[in-house]
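Q: sequence below, structure please.
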Amino acid sequence: MRLHTTSGLCTAFIITFLWILNAYGQTDIAVSDANATLTVGFGTDTSQLEASLQSVPLHRVFADFSNATIKQMLVDAPVAMRTAMSIVTPRVSPDYASASRAAPLVFPRALVNDQVAPQLEGAVVKQTGSTATSLLLLWTANEYVQSTFEYGTASGSYSQSIELDEGQYGTNFRHEVTGLTIGTTYFGRITMADLSGNQGQSEEFTFALQNPGAKPLVLVYAVLDNNLGDDAEALDRLVKNVFAGKHDDVDVRLLIDSPGPNSSYIYEVQSGTGNCSIRTDPTCNRRYQLGTTYWQANEDTAHPTSLFDFANDAINAHPNPSQILLSLVGHGAGWAAGALPGQPSAWDDQPSAWDDQPSGDGSNSETIGGLLWDDTIGGNISGSRSLSTKALRQALEWVKEESGHTIDLLYLDACSMGMAEVGYEIRDDARYLLASPNTAWASFAYAPMIQATKPNMTADAIGRAWIDAETRALDSSQYSYPYTFALYDLGQMGNLAGAVQDLGSALQAALSGQKTVIRRAYENTERYESNYEGAINQSDSYLDLGSLVVQLESHVGADKLNNSLQPVKTAINQMVAHPFNSRSGQPHTYPDNSWQWTEALGISIYFPHEDDPKRSIYTEENLEWVSATGWDEFLNAYLGDVQSASMQELPTCQSTRSCNELPKQLDVVQEVSGELYLPFVLQ
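A: Residues are numbered from 1 along each chain as shown. Have a look, this model is predicted:
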């Protein structure tokens, strides 16, 4: 509960057993309790108000208004109280900011004056139901509401509508949906109404009943045909970890692209095959049969067609899995490369992904490749390619169109992939994204990750288990590696894009008078190591979006930015499905530097310095995020127009091994007793 005046002064406090008031002469009134003290100048005698408030029977005033949770029924306000309030100048009235009440109150809505719509807190959780054809759904509202659940078998069309708890108000809801058809995808929506009549609505979500006996399908796509794979022992250990994780309740496929030509294989992973080296013996001591349990794969693993073929073939071999979990292992640099091997990353030896015919001159080439750098092109080790954010989305779209399945959990086991630009690009083709927004120290703890994966787990539960496995491996190291991991609910990316669009417009409008303080906020924002030179400083162009909001609020002020800051923070909190896991510290390869995060929320956004050449390719043609948010328009207004830089001006490398800007394999092998872990590598 809050007391406020027409001048806008307000504060929150908890009413316990009575309101204690102290009058200060003729002009002031103080309302005190355990949590807060309100002192307001009224300019009139408050003795009537004080007397009437103190006369309220104790048993009728027992409430917790920190979040407006009523502990006991309140009836209509006493006449004396309402009369006293009406004569105070300026008028004082209770404002139930979130108007959340466990029992109906008779206070008129005009007095309550709540105009804020309720919202879901987090995503809808799906759990196994009590029968073979039921599913339990759980959700939480941010205030006391009535909930109505609607669902059907077509998007936007809800044939079933259920009002929960017969009109009662609550914040935590659970509903078991019965009579579901196995294998059918259902589309649901939740409508919430608070006591003031404000209505809120969730985003549409999907749920499906797992096939009895269905298993999760784990797909590991490891592109180590680069400087990461030069350590042969490390490559062997990666494979052994994947093999060692296999158990009877999960299906596992591995693609491993080793350095050099003719060294890319796909394995249908078998239990009990962890202790072998496929680098020297692809059959793993004859445990795998060519054409039956392992196959030669396309060498061009940084091409979207190769990724599509791998995932689609695996789904065809394991139809109707309970969950599809895809991990992409290799170098990463966010939405675009920090150093672009063989720039532009041409696909001109075959039809372009975006055109029916190759151009032959590079004009149709993908130009922003930044993931899964592959140093062997078509058997030629003199070139290099990488997969762009746009190409990643294309590959996942093909998988969805061909197989009818959306990737439930996508793990980008690479550097700097926890970005708004990346998440928005793949929002329709994967449900959850697990990634690091920073340069990542990868434990490759696939043995405990796969072992923790069970048929009855949801995708977000598996993502949390995988984060826990990764952080346990990193925490066990004597080097105290700093790390960042986040699990993102991609169904919330639309809300984030809308909030950032409003923020960008507000920032652009404020530049004429607030540019100096906006720059100060930019300079103080926490960021991530994105240019591989070891220090986190203003030369890094990937800023934490949550920290940016905090700094803008501190230096510029929410009122000067059209109140656009809080919606961004709310959208981030709804999208980050697992508490942001981070640990500050000194990076092993750069011991003179310290990486610190104290206010970061775990997702980055591109905010470069003036002369970053990547600005020339930060366009709506290359990124759907740019088209949806117009963030490039704010950047151009703030930094100045982008120079027409040619692609030749961007940093280029012939291969990862000739690129000084790229991180190298760590020379440290850290194993955990009793479990198989890879050496820690900088990806």
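Q: from here on, just use CA atoms for contacts and neighbour counts.
A: Fine.
Q: please enumerate the strands of the stretch 51-200 of the chain.
A: Using DSSP state E, counting those that start in this stretch, the strands of the stretch 51-200 of the chain run over 63-64, 69-70, 92-95, 125-128, 135-152, 160-163, 170-177, 185-193, 199-201.
Q: redo these as TSV? Include distance to Thr629 and mean pLDDT.
A: As requested, the strands of the stretch 51-200 of the chain are exported to TSV (distance: least, C-alpha to C-alpha, whole Å; pLDDT from 0 to 100):
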stretch	distance to Thr629	mean pLDDT
strand 63-64	40	33
strand 69-70	37	35
strand 92-95	35	40
strand 125-128	29	80
strand 135-152	27	90
strand 160-163	34	92
strand 170-177	32	89
strand 185-193	25	92
strand 199-201	22	93
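Q: of these, which is nearest Gln566?
A: Among the strands of the stretch 51-200 of the chain, the nearest to Gln566 by C-alpha to C-alpha is strand 135-152 (14.9 Å).
Q: elements contacting the closest one?
A: Applying 3 or more C-alpha pairs under 8 Å, 6 or more residues apart in numbering; DSSP states H and E, we find strand 135-152 packed against strand 125-128, strand 160-163, strand 170-177, strand 185-193.
Q: got a list of contacts for the longest one?
A: In other words, strand 185-193. Here strand 185-193 makes contact (C-alpha atoms under 8 Å, 6 or more residues apart in numbering) with 117-119, 145-156, 158, 199-209.
Q: sorry, back to before: okay, the helices and strands packed on strand 135-152 in JSON lines with mean neighbour count and distance to Leu635 next?
A: JSON lines is the format used below for these (neighbours: other C-alpha atoms under 10 Å; distance: least, C-alpha to C-alpha, whole Å):
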{"stretch": "strand 125-128", "mean neighbour count": "18", "distance to Leu635": "37"}
{"stretch": "strand 160-163", "mean neighbour count": "13", "distance to Leu635": "45"}
{"stretch": "strand 170-177", "mean neighbour count": "17", "distance to Leu635": "40"}
{"stretch": "strand 185-193", "mean neighbour count": "21", "distance to Leu635": "36"}
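Q: Phe444 is in contact with Glu470, correct?
A: Yes. Contact criterion C-alpha atoms under 8 Å: Glu470 and Phe444 qualify, at 7.3 Å.
Q: so for these two, which residue has more residues nearby?
A: Between Glu470 and Phe444, counted using other C-alpha atoms under 10 Å, the more crowded position is Phe444 (25 against 22).
Q: look up how far Ile450 lies from that one.
A: Phe444 sits 11 Å away from Ile450, taking C-alpha to C-alpha, to the nearest Å as the criterion.
Q: next: Val422.
A: In terms of C-alpha to C-alpha, Val422 sits 25 Å off from Ile450.
Q: what residues are up against Ala459?
A: Here Ala459 is in contact with 323, 325, 408-409, 432 (criterion: C-alpha under 8 Å, 6+ apart).
Q: among those residues, list the two that are farthest apart in space.
A: Gln323 and Tyr432 (11.4 Å).
Q: between these two, which contacts overlap?
A: 408-409, 459.
Q: quick revisit: could you dump the helices and strands packed on strand 135-152 to CSV with distance to Leu545?
A: Formatted as CSV, the helices and strands packed on strand 135-152 follow (distance: least, C-alpha to C-alpha, whole Å):
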stretch, distance to Leu545
strand 125-128, 26
strand 160-163, 37
strand 170-177, 29
strand 185-193, 28
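Q: what's the closest of the ones you listed to Asp251?
A: strand 125-128 (20.5 Å).
Q: okay, strands next: where are they in the stretch 301-450 of the chain?
A: Using DSSP E, counting those that start in this stretch, strands in the stretch 301-450 of the chain cover 324-329, 340-341, 371-374, 385-387, 407-413, 430-435, 441-442.
Q: give me the mean pLDDT for the second one.
A: Spelled out, it's strand 340-341. Mean pLDDT, strand 340-341: 64.
Q: got any ranges where this protein has weak pLDDT?
A: Within the chain, the segments meeting pLDDT under 70 span 1-113, 167, 339-367, 378-383, 442, 478-479, 643-651, 660-683.
Q: kindly list the longest helix within it.
A: helix 493-524 (DSSP state H).
Q: next secondary structure after that one?
A: strand 527-528 (DSSP states H and E).
Q: helices or strands up against that next one?
A: Right, strand 527-528 is packed against strand 542-544 by 3+ C-alpha pairs under 8 Å, 6+ apart.
Q: and the next element down the chain from the strand it packs on?
A: Scanning onward from strand 542-544 (DSSP H and E), the first element met is helix 545-555.
Q: in that next one, which residues are buried?
A: With burial defined by 16 or more other C-alpha atoms under 10 Å, the residues of helix 545-555 counted as buried are 545-553, 555.
Q: who's in contact with the residue nearest to the spatial centre of the chain?
A: Nearest residue to the geometric centre of the chain (C-alpha atoms, centre = their mean): Tyr488, 2.4 Å. Listed by C-alpha under 8 Å, 6+ apart, the contact set of Tyr488 reads 423, 432-434, 575-578.
Q: work out for me the element it sits within.
A: Going by DSSP H and E, Tyr488 is part of strand 483-489.
Q: check Lys240 too.
A: Counting by DSSP H and E, Lys240 is part of helix 232-245.
Q: can you list the buried residues in that helix?
A: In helix 232-245, the ones that count as buried by 16+ other C-alpha under 10 Å are 234-245.
Q: ok, residues contacting that helix?
A: 224, 229, 254, 256, 258, 269-279, 444-451, 676-679.
Q: also stretch 503-510?
A: 560-562, 564-565, 568, 629-631, 633-634, 637-638.
Q: please pick the buried ones from those.
A: In those, the ones that pass as buried (16+ other C-alpha under 10 Å) are 560-561, 564-565, 568, 629-631, 633-634, 638.
Q: these in helices, which ones?
A: Secondary structure assignment by DSSP H places 565, 568, 629, 631, 633-634, 638 of those in helices.
Q: one step back: send the alpha carbons of the helix holding Lys240 over as CSV?
A: Only the C-alpha atoms of helix 232-245 are listed here, as CSV (Å, rounded to 0.1, in the frame of the first residue of the first chain):
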residue,chain,number,x,y,z
ALA,A,232,45.1,-34.0,-30.7
GLU,A,233,44.7,-35.1,-27.0
ALA,A,234,42.1,-32.4,-26.5
LEU,A,235,40.2,-33.5,-29.5
ASP,A,236,40.2,-37.1,-28.3
ARG,A,237,39.0,-36.0,-24.9
LEU,A,238,36.0,-34.1,-26.4
VAL,A,239,34.9,-37.3,-28.2
LYS,A,240,35.4,-39.5,-25.2
ASN,A,241,33.3,-37.1,-23.1
VAL,A,242,30.4,-37.4,-25.5
PHE,A,243,30.8,-41.2,-25.8
ALA,A,244,31.0,-41.5,-22.0
GLY,A,245,27.8,-39.6,-21.4
